[in-house]
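1. take a look and give me a structure for this.
(2 chains)
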Amino acid sequence: MAPGLRMVRVAEHRDESRSVKTMRFQGRMEARPGQFVMVWVPGVDEFPMSLSHTGERFGITYQVLGDGTKALSKLTEGDVVGIRGPFGRGFSEAGKRLLVVAGGVGIAPTAPLVEAATKAGKEVHLVLGAKSAEELVFEKRCAESGARVHVSTDDGSKGYAGFATGLASSLLEKDAFDAVYTCGPERMITTMMGICKERRLPMQASVERIMKCGIGVCDSCALDGKHVCTDGPVFGLDELERFKELGKTRLDRTGRKTGI
Amino acid sequence: MAMADLGVDLCGLRLRNPTMLASGVLDETAGTMVEVARAGAGAVVTKSVGRSPREGHANPCVVELEVGLLNAMGLPNPGIEYFSEEVKAVKREGVTVVGSVIGGSEDELAEVAALMAAAGADAVELNLSCPHAKGLGTEIGSTPEDVERVCRRVRDVVKVPLFAKLTPNTSSISNLAKAAERGGADAVVAINTLKGMAISPEAGMPVLANRFGGLSGPAIRPVGVRCVYEIYDAVEIPIMGVGGISTGRDALEYIMAGASAVQVGTAVWTRGPAVFKSICEDVSRFMDEYGYSKVGDMVGVAHGTRP
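-> Now for the predicted structure:
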């Protein structure tokens, strides 16, 4: 049977920006970049979170959005949370020159990818996009791993002024890359799909849907017959293109398709 | 080499093999149900659907255990009006669909069942046995009187085969099965999950947001096999066996206890949708080796000569 619930203590909890925090846990978790865990805040909620740190003192990096993450954000060192996982299919590195495009908190699952790829001797360029300079997360971490970091901000407060996809597009114009990896808002993913298809570049993206069980039984995260929790969250370009629902609809908690 | 015939005739439904996807697992959307049928299931049973949309319980809604799975999804469903389109979409792909329905009263169940049949479901399964949703499931199917009354009421409005899925959380599941038969059900499905609970000592509270849930998987198989065996002695209508089936051997246990077909749910978690094909291959090999030409020849053989 698959790994079950594991109760762990918070080892460290810190602010990355005004709305993004990183929580590290005591203990180890081996996982591929892009895999996720279900995080249980006892008495509040359980939700999926990408691993931003694997191995010893594994951890998550998250945006405070709803009641669950709000409760999570109040926890301090020594508090206990439940973890299930790691689950899902992560990124697989192919080629020698990689372009990673991360929008907002989409850097959480891609930062371990950047680190693993640079460690494996690949040339990694990272487009790190955020609303503003204060919202940039893991810029230093990724630069220290050896990746070339290209910053974009929507408001132009740092680096390229505009969306990460615009900056990614101009990098692809100038240089040859073997593959593109992305995580961020769904519109960013669909834009990158168009760019990569045109250039016939392999691409992988991490996709989000409402998730309940996390283990491929409940069908809540269904996407055209596939499941984000077990078939994803990382999908290749061919798969992404087959998803008619991508960029258009998502299931609500009752299982009804609703517009994105 | 002789090739065993895996086809079964269930209340007039012709299934290419005796495996069905159990209700509640990978069956909320048409796309997924079609995928599971393509992976080898002889039929799919839908998520239990009611009159109105339900979000289900808050998370956590599952606990993975060494011996199975504890869940309290809480019957999330988009409501029958919306779901009718999903059923139609599955039917367009030629898949045999059993529509599972829930309701807070026999009138509501009858209304939803009629709409489910109208949408094209090949059969209707009454969920009289979910152990973790207030006012639904077990709460309207725990006594023979309730089961008989509900079956009779739905029978009045539904022409397609009617299955009653029963709860093992009772002192006599045979009495529930007899009541379903009296009420006009064409078959019974046994068993639903066993009511259970898991507590996190570190958190000092139950893990499931709903506190209680339903236990499924290998742990409950001996209970399910026993229930089917008892029901086989009690009724004439066919039985679908469900509870902890993940291999051909498990399916054969149920079939020999008296099940005409089997449903598989939790094993989809541990083994993926490929589990259906794997079970069928196991059963087929067994039949060749032990000289059974039809699945029907094995049904109830564990009873010896039927009394």
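
2. how about the helices in the stretch 101-250 of chain B?
-> B:106-118, B:144-155, B:173-182, B:221-234, B:248-257 (DSSP state H, counting those that start in this stretch).

3. helices or strands up against the longest one?
-> What that stands for is helix B:221-234. Judged by 3 or more CB pairs under 8 Å, 6 or more residues apart in numbering or on different chains; DSSP states H and E, helix B:221-234 is in contact with helix B:173-182, strand B:187-190, strand B:239-242, helix B:248-257. (Each C-beta comes from the backbone N, C-alpha and C, glycine too.)

4. identify each buried residue in the helix or strand harbouring residue A:238, please.
-> In the assignment (DSSP states H and E), residue A:238 maps to helix A:237-242. Buried residues in helix A:237-242, counted by 16 or more other CB atoms under 10 Å in any protein chain shown: A:237, A:239-240.

5. now the helix or strand following that helix: average pLDDT?
-> Downstream of helix A:237-242, the next assigned helix or strand under DSSP H and E is strand A:249-251. Across strand A:249-251, pLDDT averages out at 93.

6. mind listing what the residue nearest to residue B:150 when sequence neighbours are not counted touches?
-> Counting by CB to CB, 6 or more residues apart in numbering or on different chains, the nearest residue to residue B:150 once its immediate chain neighbours are dropped is residue B:106, at 4.5 Å. Residues in contact with residue B:106 (CB atoms under 8 Å, 6 or more residues apart in numbering or on different chains) are B:140, B:149-150, B:153-154.

7. just put these in CSV and tack on pLDDT.
-> Formatted as CSV, the contacts of residue B:106 follow (pLDDT from 0 to 100):
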residue, pLDDT
B:140, 76
B:149, 94
B:150, 95
B:153, 95
B:154, 97
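
8. quick one: buried ones out of those?
-> For the contacts of residue B:106, buried by 16+ other CB under 10 Å: B:140, B:150, B:153-154.

9. which of the residues you listed sits closest to residue B:204?
-> Closest approach between those and residue B:204, by CB to CB: residue B:140, at 33.5 Å.

10. so which residues of the stretch 151-260 of chain A form helices?
-> Under DSSP H, counting those that start in this stretch, the stretch 151-260 of chain A gives helices at A:164-174, A:186-198, A:237-242.

11. pull the distance from the first one to the chain's centre.
-> The one in question is helix A:164-174. Centre-to-centre, helix A:164-174 and its host chain are 20 Å apart (CA atoms, centre = their mean, to the nearest Å).

12. render the CA-only coordinates of it in CSV, please.
-> What follows is helix A:164-174 as a C-alpha-only set of coordinates in CSV (Å, rounded to 0.1, in the frame of the first residue of the first chain):
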residue,chain,number,x,y,z
ALA,A,164,7.3,36.1,-17.8
THR,A,165,6.1,34.7,-21.1
GLY,A,166,7.2,37.8,-23.0
LEU,A,167,10.7,37.5,-21.6
ALA,A,168,10.8,33.8,-22.2
SER,A,169,9.7,34.4,-25.8
SER,A,170,12.6,36.8,-26.4
LEU,A,171,15.1,34.5,-24.9
LEU,A,172,13.9,31.7,-27.1
GLU,A,173,14.3,34.1,-30.0
LYS,A,174,17.9,34.8,-29.2
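
13. same question for that helix, mean pLDDT?
-> Mean pLDDT, helix A:164-174: 96.

14. what helices and strands are in contact with that helix?
-> Using 3+ CB pairs under 8 Å, 6+ apart, helix A:164-174 is in contact with strand A:97-103, strand A:123-130, strand A:148-153, strand A:160-161, helix A:186-198.

15. and that helix with strand A:97-103, angle?
-> 160 degrees (axes from the mean of the first three to the mean of the last three CA atoms, to 10 degrees).

16. apart from its neighbours in sequence, what residue is nearest the closest residue to chain B within the stretch 101-250 of chain A?
-> At 3.2 Å from chain B, residue A:225 is the closest residue in the stretch 101-250 of chain A, using CB to the nearest CB. With sequence-adjacent residues excluded and distances taken as CB to CB, 6+ apart, residue A:225 is closest to residue B:31, at 3.2 Å.
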